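*Asks:* One predicted model, sequence on top.
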Amino acid sequence: MTQSPSHDDPRDAHPLPVTDVAQHGRRILDEVATAVVGMREPLTLALATVLAGGHVLLEDVPGLAKTLAARSLARALGLDFARLQCTPDLLPSDITGSTVFDPATRTFEYRPGPVFTGLFLADEINRTAPKTQSALLEAMAERQVTVDGRTHRLPRPFHVVATSNPVEYEGTYPLPEAQLDRFMVRLSVGYPHRDDERDVLARRIARRHDEPTVDQVVDPTTVLAMQAGVEAVDIDPDVLGYCVDLAAATRTHDALEVGASPRGSQNLALLARSVAVLDGRDHVLPEDVKRVAVPVLAHRLTPTPAAWAADLHPETVVRTLLSTVPGPATVSTGTPG
């Protein structure tokens, strides 16, 4: 059984040492790997995003276990999980909840929607209308929803994982830039290698049923303490400058109409710090920034029409900038905490 997420402010949590955060992280990823095969790096970045306080967009073709990955991560983290299948007729109140009249008491009562959970999965988010997509904006940014003029706080921890199909566009509504910018990362799973895919089949045959079992590793209180442990780690000013330089380079690139905002550079630093802590380090290296640059920055960039015509993708632009924007010469390091 999972425990209900806490409503406490994560800033009040006692931070765990870096070594403890890294140890818990390895156990969580190992447990999720019992159900999800061949996705260690995307799952590591997804976990790092949760520990950095962000939200995840999984964009890939159907059938690659994106929903299973989100559900398994929620179970291992001990978070309550809610999945909503997005459809064109979905209403904002289907996400946030609504106020209904109770004839017995002759009063109006607010009934919370599925967003009141620990990890909320918006499956195929690009299949629902922009008005409904925007219902998640306040929840993702402020960890609250406002219905009929009244504000309701969401549980803590609270994180959104959304899935999107980048291939099929008929009957879909592309996420606007403001919505995309709320996701700390956009991850692509990709097709598994032959051995991994064979392992998926073998595991399904061996367990004799569809649903794999994932055990709880930590609880919501521990997740908050892990997040606080990540927040307790400082970043060298030169590494911060490197994050700023990478984001700034996207704003002047000839192939881009719109570059990354300051939120992009901030998320770059936050996620780089989180992956460093998961690696057991209390210092962030330029390599950590490079590791997360494409997932953090690519979905925030808008190519020019000429770039689209030339099939120049934002991911390619970011990789080019990683090879051209100079990084810090030296970075001070600490000792594992």
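*Replies:* Yep, it's here.
*Asks:* Relative to D236, how far out is G264?
*Replies:* In this view, G264 and D236 are 19 Å apart by C-beta to C-beta, to the nearest Å. For every residue, glycine as well, the C-beta is placed using N, CA and C.
*Asks:* and the two? which has more neighbours close in?
*Replies:* A side-by-side neighbour count of G264 and D236, using other C-beta atoms under 10 Å, places G264 first with 25 against 18.
*Asks:* mind listing what's buried in the helix or strand encompassing that one?
*Replies:* Under the criterion of DSSP states H and E, G264 resides in helix 262-278. The neighbour-count check on helix 262-278 (16 or more other C-beta atoms under 10 Å) flags 264-278 as buried.
*Asks:* Check which helices and strands the helix or strand of the chain with the lowest mean pLDDT is in contact with.
*Replies:* Taking all helices and strands of the chain together, the one with the lowest average confidence (mean pLDDT, DSSP states H and E) is helix 177-180, at a mean of 83. With contacts defined as 3 or more C-beta pairs under 8 Å, 6 or more residues apart in numbering; DSSP states H and E, the packing partners of helix 177-180 are helix 135-142.
*Asks:* Just the residues contacting the helix it packs on, thanks.
*Replies:* Judged by C-beta atoms under 8 Å, 6 or more residues apart in numbering, the contacts made with helix 135-142 from elsewhere in the structure are 55, 92, 95-96, 115, 120, 122, 125, 144-146, 154, 158, 160, 162, 178-179, 182-183.
*Asks:* are any of these buried, and which?
*Replies:* The neighbour-count test (16+ other C-beta under 10 Å) applied to these identifies 55, 92, 95-96, 115, 120, 122, 125, 145, 154, 158, 160, 162, 179, 182-183 as buried.
*Asks:* Among those, name the ones in helices.
*Replies:* For these, membership in helices holds for 95-96, 179, with DSSP state H as the criterion.
*Asks:* just those residues now: which is nearest G259?
*Replies:* Proximity of those to G259, judged by C-beta to C-beta, is greatest for Q179, which lies at 17.7 Å.
*Asks:* In contact with the most centrally placed residue in the chain: list those residues for me.
*Replies:* Averaging the C-alpha coordinates of the chain gives a centre point, and the residue nearest to it by C-alpha atoms, centre = their mean is V56 (2.0 Å). Each residue near V56 by C-beta under 8 Å, 6+ apart is listed here: 46, 49-50, 70, 159-162, 183-185, 187.
*Asks:* Please repeat the previous calculation with a cut-off of 7 Å.
*Replies:* Applying C-beta atoms under 7 Å, 6 or more residues apart in numbering, we find V56 in contact with 46, 49, 161, 183, 185, 187.
*Asks:* now, among these, which is nearest to P295?
*Replies:* Distance to P295, by C-beta to C-beta, is smallest for V185 among the contacts of V56, at 4.1 Å.
*Asks:* Dump the ones in helices among the buried ones among the contacts of helix 135-142 into a markdown table; add distance to I205 as well.
*Replies:* Formatted as a markdown table, those follow (distance: C-beta to C-beta, whole Å):
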| residue | distance to I205 |
| --- | --- |
| I95 | 37 |
| T96 | 42 |
| Q179 | 40 |
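*Asks:* confidence score at H7?
*Replies:* As predicted, H7 sits at a pLDDT of 48.
*Asks:* Ok, S332 next?
*Replies:* pLDDT for S332: 62.
*Asks:* go on, the one 3 residues further on?
*Replies:* The score at T335 is 49. That number is its pLDDT.
*Asks:* V189 reaches P42, doesn't it?
*Replies:* Yes. Applying C-beta atoms under 7 Å as the test, V189 and P42 come out as touching, 5.6 Å apart.
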